[in-house]
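# I would like the atomic coordinates for the input below:
(one chain, ligands or ions: 1)
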Amino acid sequence: MSLTLTYFPVRGRAEVIRVMLKDQGAEFDEKVITMEMWKESTLKASCLFGQLPIFEDGDLTLYQTNAIRRHLARKLGLYGKDQREAALIDMMDEAIQDLLNKYIKLMFEKDDSGKEGYLKALPTDLKPFEKTLSGDKGSFLVGDKPSFADYSLFEVLLNHLVLCSSCLDTFPSLKSFVEKMSARPKIKTFLDSEAYKKLPINGNGKQ
Ligand SMILES: N[C@@H](CCC(=O)N[C@@H](CS)C(=O)NCC(=O)O)C(=O)O
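Just a heads-up that it's a prediction; the model follows:
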């Protein structure tokens, strides 16, 4: 399979796709588009919605991060073992997207004035994920293997730990989830790589 991810030189929306592909051992190429290239080329005009990422899987060209994630989930077996699990994975993923959208909004505020209020409200947003992961059912949100929602939760929690290193201190299951995901051999190699460390979280210098 020939897979190509085209995105800016930041983690941003593409990071969850990178982590998922890396962990699954799927080979893919990356085309890195700098802001200068983006502004000066006709690429934006050629993108269906005028935005990145672009994901190419052979002759299939996809835009929209979540469509790309779901495509890869179906292709790589990360969408649960049956329709029931798929429905639960979708439900968890929608809630993760709600949190991610709040986080992105905070990141694009012009100053830091919203951060305190954001962190105050954060435990309420994290509680349902802690509840889902707690107990003896295993290490993942749904079922006994990772789904595309797990990668998304992992990525959003990593970003929150940069925002506030103590934000998971009262959430033992989320803490353990991050530790276990970080220790998965291919994810660990990726997180330890220079390629990962040199990429800023987003394009506006905030984190
Ligand atoms: N809903 C889209 C949003 C994509 C998006 O906002 N892309 C941004 C980068 S994260 C972009 O291309 N910005 C440049 C522009 O809009 O000109 C997705 O999830 O793929």
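# worst-scoring helix or strand of the protein, pLDDT-wise?
One helix or strand of the chain scores below all others by mean pLDDT, DSSP states H and E: helix 194-197, with a mean of 91.
# list the buried ones in that helix?
Tyr196 (16 or more other Cβ atoms under 10 Å). Glycine gets a C-beta too; all of them are placed from N, C-alpha and C.
# Identify, by residue count, the longest helix of the protein.
Ranked by number of residues, the top helix in the chain under DSSP state H is helix 83-107.
# quick one: average pLDDT of that one?
In this model, helix 83-107 has a mean pLDDT of 97.
# And the pLDDT at the residue sitting furthest away from the middle of the chain?
Distance to the chain centre peaks in the chain at Glu40, reaching 28.3 Å (criterion: Cα atoms, centre = their mean). Residue-level confidence at Glu40 comes out at 96, pLDDT.
# again, but for Met1
Met1 is given a pLDDT of 66.
# got it, and the one 5 residues further on?
The predicted local distance difference test score for Thr6 is 98.
# so it sits in a strand?
Yes: with DSSP: H, G, I helix; E, B strand; the rest coil as the criterion, Thr6 is part of a strand.
# Near it, how many residues? Count them for me, please.
Neighbour count for Thr6, taken as other Cβ atoms under 10 Å: 19.
# Nearest to the spatial middle of the chain, which residue is it?
Mean-position check on the chain, Cα atoms, centre = their mean. Result Val16 at 3.0 Å.
# Cross-check the contact I'm expecting between that residue and Asp150.
No: between Val16 and Asp150 there is no contact under Cβ atoms under 8 Å: 10.2 Å.
# residue boundaries of the strands in this structure?
Assigned by DSSP state E, the chain shows strands spanning 3-7, 29-32, 54-57, 60-63.
# Could I get the buried residue list for the first one?
This points to strand 3-7. Buried-residue list, strand 3-7, by 16+ other Cβ under 10 Å: Leu3, Leu5, Thr6, Tyr7.
# Show me which residues of this structure are close to the ligand?
Residues of the chain lying near the ligand by Cβ under 6 Å from any ligand atom: Gly12, Arg13, Lys44, Gly50, Gln51, Leu52, Pro53, Gln64, Thr65.
# sorry, back to before: run the chain-centre distance for the least confident helix or strand of the chain.
Distance of helix 194-197 from its chain centroid, counting by Cα atoms, centre = their mean, to the nearest Å, is 16 Å.
# Show the contacting residues for the nearest residue to Leu199 once chain neighbours are set aside.
Among residues not flanking Leu199 along the chain, Arg11 sits closest, at 5.2 Å (Cβ to Cβ, 6 or more residues apart in numbering). Contacts for Arg11 (Cβ atoms under 8 Å, 6 or more residues apart in numbering) come out as Arg18, Leu199, Pro200, Ile201, Asn202.
# burial count for the fourth one?
Residues near Ile201, counting by other Cβ under 10 Å, number 17.
# Okay then, goodbye and thanks.
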